[in-house]
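> dropping the sequence and predicted coords here.
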Amino acid sequence: MASIEKIDNGLTVATNPMSHMESVSFGIWIRAGVRYEDADNNGITHLLEHSLFKGTKTRDMKKIKEEIEGRGGSLNGFTTEEFTCYLVKLLAKDAQLGVDILSDMVIQPRLDAKEVEKEKSVIIEEINMYKDVPAQYVHEILSEMLWPKQPLGLPLAGSVESVNSITREDVAAYKERFYNPNNMLLIGTGRIKEDELLPLSKKYFSKVPSKEAPKFKSATKLQRGPVLNLISKETEQTHMALGFHCPDRFHPDRYAASLLNIILGANMSSRLFHIVRDELALCYEISSSVRRYEDAGAFVIGAGLDEANLIKALRAIFGELNSIKKNSVSKEEIERAKEFYKGQLLFTLEDTMSLMLWLGEKIAAGEKEFNTKNIIEKIKSVNQDDLIRVAQDILTDKNMNLAVIGPVKDEKAVLEALYL
């Protein structure tokens, strides 16, 4: 069971001991992501994350990597819509080194102007790479469709224009505003106790001054009907991403939405995988997922297929979506989905890093329910009526967005297939 404390300057410290493990995983979570950006500075969160690995006032970039990897550990970071996270995994005997280096990166990065410019060039190459990978780029397009002209719909890496316009001073000011204790979480999972992590948090973070935590503007659902975005490109495969607005991370229906996702496309025994791939052989890859944010969410179905199979696949997909809305789901199917959810959740608890990522996001987001037994009970309580009601709420024309990248020639046929 995780313990959660705050030190005097507002830093949240969470500890989840796993005494049987040899490793410890630490994460520093900051409530900073693309949701806090606008079109002009889009990509600044991601650029700052990259820049923190380029050295601190006491360590150069080579020393940071060598100190961790020289102990058999690993170091990484990532940026999402709502968070930035820096993470490290080490043997338990090196726990203090992990907190030392992460705090050094977050509190006193060098942010050398030349290195920031270099990293801007690296990120621009990353942006161009994503545009050449339609299986990924189509999901970026879908986000823009779901939340048009809103921060939540902006690309995580930014645009070439926005990244080019960001200065070293912009990055430093952004860091100063967001990387403050009231806006941060330090979490440790593995072979470490609360009475070990709390003193380390005070040693390395207590002198950092506290400020008011920034806020983002609420997301707004603007659409009133199905939206289609066809991007014509000569690709070997046509890639599609079908997205529906769905419950946020705090909504009571999130558990039913999770089971709906499992039944439709989250694994190889799901309906969409079985029908569209196994039975009809229309694609190699098809899956569904749920994106959850503080005040919004998306239920997403993605597939890569031959352009000639797009309409057939869409009809098959919508056939299954309509079927599940019309009371066509058995108790056995729901029970299998519940067992899959339970198994995947319990597997997460077996690894210090997986647990840190799962628990860290929940605590940083302000969720109150992270007791696995309680979550499993909530999943068990979902019944057929709940599942069908949530499917009927989510899977509607007014919620629907379809992004397609490929050599699509018959736009009219795609539009005609877009109705539930």
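Everything's here; your move.

> nearest residue to the residue nearest the centre of the chain in space, please, no chain neighbours.
Nearest to the mean C-alpha position of the chain, by Cα atoms, centre = their mean, lies T80 at 5.5 Å. Excluding the flanking residues, the one nearest T80 by Cβ to Cβ, 6 or more residues apart in numbering is G33, at 5.3 Å. (Each C-beta comes from the backbone N, C-alpha and C, glycine too.)

> the helix or strand of the chain with the lowest mean pLDDT packs against which elements?
Of all helical and strand segments in the chain, the minimum by mean pLDDT, DSSP states H and E falls on helix 411-416, at a mean of 86. For helix 411-416, the packing partners by 3 or more Cβ pairs under 8 Å, 6 or more residues apart in numbering; DSSP states H and E come out as strand 227-232, helix 310-325.

> can you tell me which of the ones you listed is most buried?
helix 310-325 (a mean of 19; mean count of other Cβ atoms under 10 Å).

> count of residues packed around the residue nearest to T80?
24 (other Cβ atoms under 10 Å).

> so for the residue lying closest to N182 once chain neighbours are set aside, what's the pLDDT?
Nearest-residue entry for N182: G10, 3.9 Å, with adjacent residues in sequence omitted and distances by Cβ to Cβ, 6+ apart. pLDDT for G10: 97.

> what sits against G10?
By Cβ atoms under 8 Å, 6 or more residues apart in numbering, G10 lies in contact with N180, P181, N182, S210.

> what are the buried residues along stretch 64-80?
By 16 or more other Cβ atoms under 10 Å, the buried positions in stretch 64-80 come out as I64, K65, E67, I68, G73, L75, G77, T79, T80.

> now do the same end-to-end measure for it.
23 Å (Cα to Cα, to the nearest Å).

> list the contacts of it.
Outside stretch 64-80, the residues within contact range by Cβ under 8 Å, 6+ apart are 33-34, 45-46, 49, 52-53, 55-56, 59, 84-91, 94, 97-98, 101, 104-105, 156.

> next one: stretch 132-141
130-131, 155, 229, 231, 233, 235, 237, 239-241, 300, 302, 304, 403-406.

> mind redoing it with 7 Å?
130-131, 155, 229, 231, 233, 235, 239-241, 302, 304, 403, 405-406 (Cβ atoms under 7 Å, 6 or more residues apart in numbering).

> buried members of those residues into ChimeraX, please.
Selecting only the buried entries of the contacts of stretch 132-141 in ChimeraX, with 16+ other Cβ under 10 Å as the criterion:
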select :130,155,233,235,239,240,241,302,304,403,405,406
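
> show me which of the contacts of stretch 132-141 is closest to R110.
P155 (26.8 Å; Cβ to Cβ).

> would you mind checking the contacts of G10 for buried ones?
Among those, those classed as buried by 16+ other Cβ under 10 Å are N180, P181, N182.

> before we move on, the earlier item: look up how far L52 lies from the residue nearest to N182.
21 Å (Cβ to Cβ, to the nearest Å).

> which of the contacts of stretch 132-141 fall in strands?
When DSSP state E defines the strands, the subset of these inside them is N229, I231, H239, M240, A241, G302, G304, A403, I405, G406.

> what's the closest of these to Q384?
G302 (26.9 Å).

> so what's the residue nearest to the closest one when sequence neighbours are not counted bridging to?
In this structure, G302 finds its nearest non-sequential neighbour in A241, 4.9 Å apart by Cβ to Cβ, 6+ apart. Taking DSSP bridges as the rule, A241 bridges to G302, A403.

> residue contacts, A241?
V138, H139, L142, V300, G302, A403.

> run the chain-centre distance for stretch 348-355.
Remark: stretch 348-355 is offset 17 Å from the chain centroid, using Cα atoms, centre = their mean, to the nearest Å.

> in the stretch 101-250 of the chain, which spans are helices?
Per DSSP state H, counting those that start in this stretch, the stretch 101-250 of the chain carries helices over the ranges 113-131, 134-146, 160-165, 168-178, 194-205.

> and those helices: which comes nearest K338?
Closest among these, using Cβ to Cβ: helix 134-146, at 27.6 Å.

> among the contacts of stretch 64-80, which lie within helices?
T45, H46, E49, L97, G98, I101, D104, M105 (DSSP state H).

> my read: the fifth one touches F26, true?
What it means is G98. Yes: using Cβ atoms under 7 Å, G98 makes contact with F26 at a distance of 4.8 Å.

> identify the contacts common to these two.
With Cβ under 7 Å, 6+ apart, G98 and F26 have common neighbours V88.

> and S159, how close does it get to V404?
21 Å.

> those two: who's more crowded?
Per other Cβ under 10 Å, whichever of S159 and V404 has more neighbours is V404, with 25 against 15.

> what about the nearest residue to G158 once chain neighbours are set aside, how many residues nearby?
Computed as Cβ to Cβ, 6+ apart, the closest residue to G158 that is not its neighbour in sequence is G43, at 1.9 Å. G43 has 28 neighbours, counted by other Cβ under 10 Å.

> what of L259?
There are 23 residues near L259, going by other Cβ under 10 Å.

> and it, what does it touch?
By Cβ under 7 Å, 6+ apart, the neighbours of L259 are I334, A337, K338, Y341, V382, L387.

> do I192 as well
T15, P17, V24, A92, A95.

> tell me the spacing between the residue nearest to the centre of the chain and G243.
Counting by Cβ to Cβ, the gap from T80 to G243 is 17 Å.

> now stretch 364-380: how far from the chain's centre is it?
18 Å.

> my bad, stretch 193-204
Using Cα atoms, centre = their mean, the offset of stretch 193-204 from its chain centre is 28 Å.

> so which strand or helix has F26?
If you go by DSSP states H and E, F26 is part of strand 23-30.

> avg pLDDT for that strand?
98.

> just checking, what packs against it?
Judged by 3 or more Cβ pairs under 7 Å, 6 or more residues apart in numbering; DSSP states H and E, the packing partners of strand 23-30 are strand 84-91, helix 95-107, strand 184-190, helix 352-365.

> comparing the ones you listed, which comes out most buried?
The most buried one of these (mean count of other Cβ under 10 Å) is strand 184-190, showing a mean of 26.

> all strands of the stretch 201-350 of the chain, in order?
For the stretch 201-350 of the chain, strands defined by DSSP state E, counting those that start in this stretch occupy the ranges 227-232, 238-245, 283-292, 297-305.
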